[in-house]
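J.: Could you look at this predicted model? Sequence included:
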Protein chains: 2
Amino acid sequence: MKFFDQKDLASLDHLYRINLINSSSGFKSANLIATKSKEGVANVAVFSSVIHLGSDPPLLGFLTRPTTVPRNTYKNIKETGCYTINHIYEDIIKDAHHCSAKYDASISEFSMTGLKEEYDHTCMVPFVKGAPVQLQMKFREEHHFKINGTIMIIGEIIEIYIKEELLKDDGFIDLSEGQITAINGLDGYTIPKLKTRLPYQRPKKSSLSKVQFDGIES
Amino acid sequence: MKFFDQKDLASLDHLYRINLINSSSGFKSANLIATKSKEGVANVAVFSSVIHLGSDPPLLGFLTRPTTVPRNTYKNIKETGCYTINHIYEDIIKDAHHCSAKYDASISEFSMTGLKEEYDHTCMVPFVKGAPVQLQMKFREEHHFKINGTIMIIGEIIEIYIKEELLKDDGFIDLSEGQITAINGLDGYTIPKLKTRLPYQRPKKSSLSKVQFDGIES
C-alpha cells in the first residue's frame, strides 16, 4: 500500500494534492445545476457534490466554494430562490465538463455548448434538455462551514421528471439505464452498470441483538 | 417522462418515496466507517454520503441521522475523536451491506460478518482489511441542519493508505482499478469502469470572457 501521513499530505504539490484528495472520497454524483440571474441570463455549471439529505421532505444538498470570488450559481440561487439539478449522461459528458470553464456572468454556458434549455410552465429556470432525471429545486437553507469557508446549499425537490424506463415499481430509479455518469476525482467519468440490489438487512439471530438504529445512513 | 410534483411526492407510499428520493441525487460513494467505543467495542457501518469538502486542509464530510435514537458511529466519534473511512469493493459488497443491520452497541459488526479489522500503530480505531483505499480521520466540526435534524460530520484526513496500482503519477486514484463500488439509491451496487479523463477547461475564445470563477465545484 502507498502511504501518506499528515506531513506528507501538507507537502504535496498543489495539483497532485487536489487530484488525490478529490479521488479519496469515492465515486461522486455528476450533475448540471442550472440557474438564471435576475437579468435573465441562464447559467449552467457542473457539480459533483449533490447529496441526499432526507426523503420527507425531499431534500438534497450541494457544496459551493467560498464567495471571495464571484459565483454565478450561488448568486442566482440567492436572488431567485430556485434552481434545477440535471443528471449528466453519456451523450453530454464533454459539453457538461466544458461548463467548468470560467465564463463571465453575462455569458450563458448554454450558448457556448451543445446543451439545450428546456422549460416547464412552473419555473423560470431551465432544465437541461435530454437529461434522464431533471429536478426542480427550491432553496431552503445554507450552512457555512467555518473550517474552510465551504457553503452547503440545501434545497427541497419541488418537481421530478424521470425517463419512464428508469423508474421501477418500488420507486427505485435505475440510473444505469439512463447511462448516467459517476465522477472519479476532478475529471474522471464513468458510466456505471447496476450489478445487484441487496435486500434490507436484519441482525443475524446469533447476535441476540436488541433493536437499535445504526447502519443505513444514506 | 414520468412526472411528480410536490403534492405527488407528499402523497407517496413511504418505501416508494425513500427509494425514489434516495436515487434522485445520482450515484453515491460507498464506504465503511469504522469506530471504537470507549469500552473498546469496534463498530463498522455502511455510509453512502461521504463527500469531498476541500483539499488543503484535506477534509471530508458525511451525514448521520438525528440522534433521537442511538447512533453508535456518531457516539463513538464524539467520544474518541477518530474514525476510519474504507472504500467498499467488489469482494465485500454483501458483508458491507449487512453492516446496515441494526445491531446493539455491544456487538461488533466485525464479529458478525467476514470483514476483518486491521490496525496501524497510530490509531486505536481499526481499518477494514483489504479495502483498496483506507483513510484515518480526525473529527473537526459538526453541523446540525435545522430543516430535518441531519448532522454533517466534518473530519480531516490524517493518513491515507492506497493500493499501489490505483495511484497515478498526478495523484489521481483510479477507483475502478480497485473494483470500488458506487451506490444507486438505498440498495443498488455498481462497479464503475473509468471511461475517460477530460482536460481542464478554459472558455472558448469566441466568448470574449473575462476571467471569473464559476463551474468546477467539487
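T.: Ah, there it is.
J.: what ranges do the strands span in chain A?
T.: A:2-5, A:28-29, A:31-36, A:42-47, A:51-55, A:58-64, A:82-87, A:117-118, A:127-128, A:133-144, A:151-162, A:182-184, A:188-190, A:194-197 (DSSP state E).
J.: need those in TSV with distance to residue B:87 and mean pLDDT, can you?
T.: From N, CA and C alone the C-beta is placed, and that goes for glycine too. TSV is the format used below for the strands of chain A (distance: least, C-beta to C-beta, whole Å; pLDDT from 0 to 100):
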stretch	distance to residue B:87	mean pLDDT
strand A:2-5	14	98
strand A:28-29	13	98
strand A:31-36	22	97
strand A:42-47	22	95
strand A:51-55	17	97
strand A:58-64	20	97
strand A:82-87	23	98
strand A:117-118	36	97
strand A:127-128	30	98
strand A:133-144	25	97
strand A:151-162	23	98
strand A:182-184	12	98
strand A:188-190	14	98
strand A:194-197	16	96
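J.: Check the residue minimising distance to the centre of chain A and give its pLDDT.
T.: Central residue check for chain A by C-alpha atoms, centre = their mean: the C-alpha nearest the mean position is that of residue A:50, 2.8 Å away. The score at residue A:50 is 98. That number is its pLDDT.
J.: hang on, the earlier thing: out of the strands of chain A, flag the one nearest residue B:137.
T.: strand A:2-5 (13.1 Å; C-beta to C-beta).
J.: Distance to chain B and mean neighbour count added to the strands of chain A, as CSV?
T.: CSV is the format used below for these (distance: least, C-beta to the nearest C-beta, whole Å; neighbours: other C-beta atoms under 10 Å in any protein chain shown):
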stretch, distance to chain B, mean neighbour count
strand A:2-5, 5, 15
strand A:28-29, 3, 29
strand A:31-36, 6, 26
strand A:42-47, 5, 24
strand A:51-55, 4, 24
strand A:58-64, 5, 24
strand A:82-87, 6, 26
strand A:117-118, 10, 16
strand A:127-128, 10, 24
strand A:133-144, 5, 20
strand A:151-162, 4, 21
strand A:182-184, 4, 28
strand A:188-190, 4, 23
strand A:194-197, 5, 16
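J.: right, and the ones you listed - which one's nearest residue B:122?
T.: Closest among the strands of chain A, using C-beta to C-beta: strand A:2-5, at 8.0 Å.
J.: which other helices and strands contact that closest one?
T.: Strand A:2-5 sits against strand B:151-162, with contacts defined as 3 or more C-beta pairs under 8 Å, 6 or more residues apart in numbering or on different chains; DSSP states H and E.
J.: between the strand it packs on and strand B:31-36, how big is the angle?
T.: Interaxial angle of strand B:151-162 relative to strand B:31-36 (axes from the mean of the first three to the mean of the last three C-alpha atoms, to 10 degrees): 100 degrees.
J.: what's the span of stretch A:41-56, first residue to last?
T.: Stretch A:41-56 has its terminal residues 33 Å apart, counting by C-alpha to C-alpha, to the nearest Å.
J.: What of stretch A:170-180?
T.: Its start and end residues considered, stretch A:170-180 measures 20 Å (C-alpha to C-alpha).
J.: Repeat that for stretch A:176-186.
T.: From its first residue to its last, stretch A:176-186 covers 21 Å (C-alpha to C-alpha).
J.: residues of it that come out buried?
T.: When burial is assessed from 16 or more other C-beta atoms under 10 Å in any protein chain shown, stretch A:176-186 yields the following buried residues: A:176, A:178, A:179, A:180, A:181, A:182, A:183, A:184, A:185, A:186.
J.: closest to chain B among those?
T.: The shortest gap between chain B and any of the buried residues of stretch A:176-186 belongs to residue A:182, at 3.8 Å (C-beta to the nearest C-beta).
J.: Would you confirm that the closest one contacts residue A:29?
T.: Yes: between residue A:182 and residue A:29 there is a contact at 7.0 Å, judged by C-beta atoms under 8 Å.
J.: Next, show the common contact partners of those two.
T.: Between them, residue A:182 and residue A:29 share these contacting residues under C-beta atoms under 8 Å, 6 or more residues apart in numbering or on different chains: B:26, B:27.
J.: and residue A:116, what does it touch?
T.: Residue A:116 sits in contact with A:110, A:128, A:129, A:130, where contact means C-beta under 8 Å, 6+ apart.
J.: how about the third one, phi and psi?
T.: Here is the backbone geometry of residue A:129 (degrees, to the nearest 10): phi -60, psi 140.
J.: Pretty sure it sits against residue A:118.
T.: Yes: between residue A:129 and residue A:118 there is a contact under C-beta under 8 Å: 4.0 Å.
J.: Is residue A:36 bridged to anything, and to what?
T.: Here residue A:36 sits in beta bridges with residue A:42, going by DSSP bridges.
J.: One more: the one 10 residues further on?
T.: Beta-bridge partners of residue A:46, counted by DSSP bridges, are residue A:32.
J.: Make sure it is actually in contact with residue A:29.
T.: No: contact criterion C-beta under 8 Å: residue A:46 and residue A:29 do not qualify, at 10.8 Å.
J.: contacting residues around the nearest residue to residue A:5 once chain neighbours are set aside?
T.: Of all residues beyond its chain neighbours, the one nearest residue A:5 is residue B:159 (5.3 Å), with distances taken as C-beta to C-beta, 6 or more residues apart in numbering or on different chains. Residues counted as contacts of residue B:159 (C-beta under 8 Å, 6+ apart) are A:3, A:4, A:5, A:6, B:120, B:122, B:123, B:135, B:136.
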